[in-house]
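Peer 1: Here is a sequence with its predicted model. Questions after.
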Amino acid sequence: MLHKYVVIFVPLLLLQINVLANPQITNLPGRNTTCLNGCWHVIVDPYENGYYNYRYEPSQNGYFKDEKAKDKSDLVEYDFDRSGTLQVPGDWNSQRENLLYYEGTIWYKKSFDYLTLGKNRLFIHFGAANYHAIVYLNGTKIGEHIGGFTPFNFEITSFVREKNNDIIVKVDNKRYREAVPTVNTDWWNYGGITRDVFLVETRPTFIRDYCLQLKKGTSDEFEGWVQLDGEQLQQTVTIDIHALKDQLELFTNENGYAKIAFKADLELWEPENPKLHEVTFSCLTDHVSESMGFRSVETHNQDIIVNGKPIFLRGICIHEEAPYRGGRAYSRDDAIQLLSWARELGCNFVRLAHYPHNEYMTRLADEWGIMVWSEIPVYWTILWENSDTYHNAETQLVENITRDKNRASVIIWSVANETPILESRTKFLKNLITKTRSMDSTRLVSAALERHYVDEYTQMIDDPLGKYLDVIGCNEYIGWYDNLPAKIDHIKWKTVYNKPLIISEFGAGALYGFHGDNLTRWSEEYQEYLYERQVKMLKKIDFLRGVTPWILMDFRSPRRPLPNIQDGWNRKGLISNKGEKKKAFFVLQKYYGDIMEK
Ligand code: GCB
């Protein structure tokens, strides 16, 4: 009994702690920040010796105390400053060969001075750390966060000193059955502080967050809200959209909140003309600016409609994996490389699988007019009946929407990928959908579902979750996991939903440079042939409104051990991890080129 209690208790504790993070400060590029990226000292701690004592109780005197031996007799068994370093941002697995498979704790330390805070406030902001981060400043715990792909920040105003501050972060990427994602995925569990770290200095009362977008179904009615943080919560807030003559004034309530609603004729954001407007929010004590685009998106029967025009989403799936260098992608340069390839393919849409990608991606997508499907790692079979698992998933969803709600490029929030048809799953996802809509009434909601055969050649889409979605996503691997490519020619598609369909995955593995005939697994020719058959089939699905094949580039996965072919990589990329284009790339490029010409 006791054993069972312990096993259940520890993970539950881990899952409930997100509440300790302060509300997210958004639009970091628009703030007064100091970057803490670079070399951080690290201690690899597989037994969590720096956290637990020998009775396996949290220690009062762990590594976060950053002790130094004071004299020659003193016993201190660690020393950050004499330990090695890792680059932040960056996963640890790809930085040291002996950490490639490491799953556990690594302690990070960075020192900094902060001389001129005055009456202002200071926060530490992490773009992401996978998976569980506990943050200490000068020996005091300031907060913790669960979830590997969303930002979090803590206020450190009352802990920071002018000189010699030490930030210590315990990052643990162990997998848990009850976590999100769960233990079983088809991607590498890259650990570490994987995104930028910034100090954010704000005025005592500042504009923490805001939302501004077109009201659903309109092209000139704007709505949103603004949220102040601090003591002077009731203030006049001015919104200045530089393209408009008049400014808008609002008055925030006792909670620092005000709703926005106004009419204006503004040039819209369109994929072919991604117009961004400079918008400034100001109040007596603060101001913040951001480039924002405005567009409408809705569905009508089986159509997806952007700014009043039906569109077809020419997409591709992307993992957050760095081209050439390998490991997690984390920079604007990485985003430029990945989205340049998508553009070269002829894409106007990307599916950022299977978790929120770094913010450079969605910001660049805004600039380049690439529409985005944004997803949380509710992947395969998580624990549908566990309320902490639900809380964890919902928190990641909220953090993702909070970060990216002002990105015009994001048109779809996806709540899940390839989940089993169970009552408990449908209830879980329905709750996530309700939460999504309560935070954002304008974007479309989707999920990547599965399909099944109703006879030898007929594919049916009837997952009960479809009822709650705006757009049906469907993954299929006909010709790869399901028969050989020749079968694709005979397939017919049916749906019970009068809604648009996106084929959110199809694909085949191919090793770049490996050749054979079109029935030779792993050859470029097999993959090319499968893409040709798939394209032919897709053209015949009359309710199809978008495609995101699997996947832009090969990516690391421990599920893929086949020697000399996979060697730890999922080879379904159209481009190898070294940037070499496989033959199928050009099949998809031609398909998209033909659609554009029509
Ligand atoms: C899928 C998953 C994706 C996998 C892919 C594959 O259905 O959604 O995460 O990587 O298949 O390659 O098998």
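Peer 2: Thanks, I have the structure now.

Peer 1: Asn470 against Ser441, yeah?
Peer 2: You called it Asn, but residue 470 is Asp. No: if you go by CB atoms under 8 Å, Asp470 and Ser441 don't touch, sitting 11.4 Å apart. Every C-beta, even on glycine, is put in place using the N, C-alpha and C of the backbone.

Peer 1: higher neighbour count, these two?
Peer 2: Taking other CB atoms under 10 Å, Asp470 and Ser441 do not tie; Asp470 has more neighbours (18 against 11).

Peer 1: Can you read off the pLDDT for the residue nearest to that one when sequence neighbours are not counted?
Peer 2: In this structure, Asp470 finds its nearest non-sequential neighbour in Leu444, 4.0 Å apart by CB to CB, 6 or more residues apart in numbering. pLDDT for Leu444: 98.

Peer 1: how much space is there between Leu444 and Gly104?
Peer 2: 39 Å (CB to CB, to the nearest Å).

Peer 1: swap in Glu254?
Peer 2: 46 Å.

Peer 1: With Tyr78 instead?
Peer 2: 16 Å.

Peer 1: same question, Arg571
Peer 2: Taking CB to CB, one finds Arg571 at 28 Å from Gly104.

Peer 1: and what of Glu201?
Peer 2: Counting by CB to CB, the gap from Glu201 to Gly104 is 34 Å.

Peer 1: When these two are compared, which one has more neighbours?
Peer 2: For Glu201 versus Gly104, the count of surrounding residues by other CB under 10 Å is larger for Glu201: 19 against 15.

Peer 1: and that one, bridged to which residues?
Peer 2: Asn32, Leu122 (DSSP bridges).

Peer 1: got the contact list for the residue nearest to Asn120 when sequence neighbours are not counted?
Peer 2: Nearest in space to Asn120, with sequence neighbours left out and distances taken as CB to CB, 6+ apart, is Glu201 at 5.3 Å. Residues in contact with Glu201 (CB atoms under 8 Å, 6 or more residues apart in numbering) are 31-34, 117, 120-123.

Peer 1: just Asp79 next, same as before
Peer 2: By CB under 8 Å, 6+ apart, Asp79 lies in contact with Lys68.

Peer 1: where does the protein come near the ligand, residue by residue?
Peer 2: Within the chain, the positions adjacent to the ligand are 186, 354, 417-418, 475, 505, 550, 570, 572 by CB under 6 Å from any ligand atom.

Peer 1: Let me know the secondary structure of the closest residue to the ligand within the stretch 1-150 of the chain.
Peer 2: Closest to the ligand within the stretch 1-150 of the chain is Phe149: 14.6 Å, counting by CB to the nearest ligand atom. Classification of Phe149 using DSSP: H, G, I helix; E, B strand; the rest coil returns coil.

Peer 1: now swap in Trp188 and tell me
Peer 2: coil.

Peer 1: wait, it sits on Ser557?
Peer 2: Yes: Trp188 is in contact with Ser557 according to CB under 8 Å; the separation is 6.2 Å.

Peer 1: Compare these two (neighbour count), which wins?
Peer 2: Trp188 (24 against 19).

Peer 1: Need the three-state assignment for the closest residue to Ser331 other than its chain neighbours.
Peer 2: Sequence neighbours aside, Tyr360 is the residue nearest to Ser331 in space, at 6.4 Å (criterion: CB to CB, 6+ apart). Following three-state DSSP, the label given to Tyr360 is helix.

Peer 1: what's the neighbour count on the residue found closest to Asn273 once you drop the neighbours it is linked to in the chain?
Peer 2: Using CB to CB, 6+ apart and skipping residues adjacent in sequence, the residue nearest Asn273 is Gly369, 7.1 Å away. Using other CB under 10 Å, Gly369 has 20 neighbouring residues.

Peer 1: Any figure for the gap between Gly369 and Asp66?
Peer 2: 48 Å.

Peer 1: Same question for Tyr51.
Peer 2: Distance from Tyr51 to Asp66, by CB to CB: 14 Å.

Peer 1: need the contact list for whichever residue of the stretch 101-250 of the chain sits closest to the ligand.
Peer 2: At 3.6 Å from the ligand, Asp186 is the closest residue in the stretch 101-250 of the chain, using CB to the nearest ligand atom. When contacts are counted by CB under 8 Å, 6+ apart, Asp186 touches 557, 559-560, 570.

Peer 1: and stretch 393-411, how far out from the chain's middle?
Peer 2: 9 Å (CA atoms, centre = their mean, to the nearest Å).

Peer 1: hey, C-alpha coordinates of it in CSV?
Peer 2: Taking Å, rounded to 0.1, in the frame of the first residue of the first chain, the C-alpha atoms of stretch 393-411 are listed here in CSV:
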residue,chain,number,x,y,z
ALA,A,393,-2.6,19.8,-20.6
GLU,A,394,-4.9,22.8,-20.1
THR,A,395,-2.0,24.9,-18.5
GLN,A,396,0.1,24.2,-21.6
LEU,A,397,-2.8,25.2,-23.8
VAL,A,398,-3.4,28.4,-21.9
GLU,A,399,0.3,29.3,-21.9
ASN,A,400,0.5,28.7,-25.7
ILE,A,401,-2.6,30.8,-26.5
THR,A,402,-1.4,33.5,-24.1
ARG,A,403,1.9,33.7,-25.9
ASP,A,404,0.7,33.6,-29.5
LYS,A,405,-2.8,35.1,-29.5
ASN,A,406,-1.6,38.3,-31.2
ARG,A,407,0.0,36.4,-34.1
ALA,A,408,-2.1,36.7,-37.2
SER,A,409,-0.3,33.8,-38.7
VAL,A,410,-1.8,31.4,-36.2
ILE,A,411,-5.2,30.4,-37.6
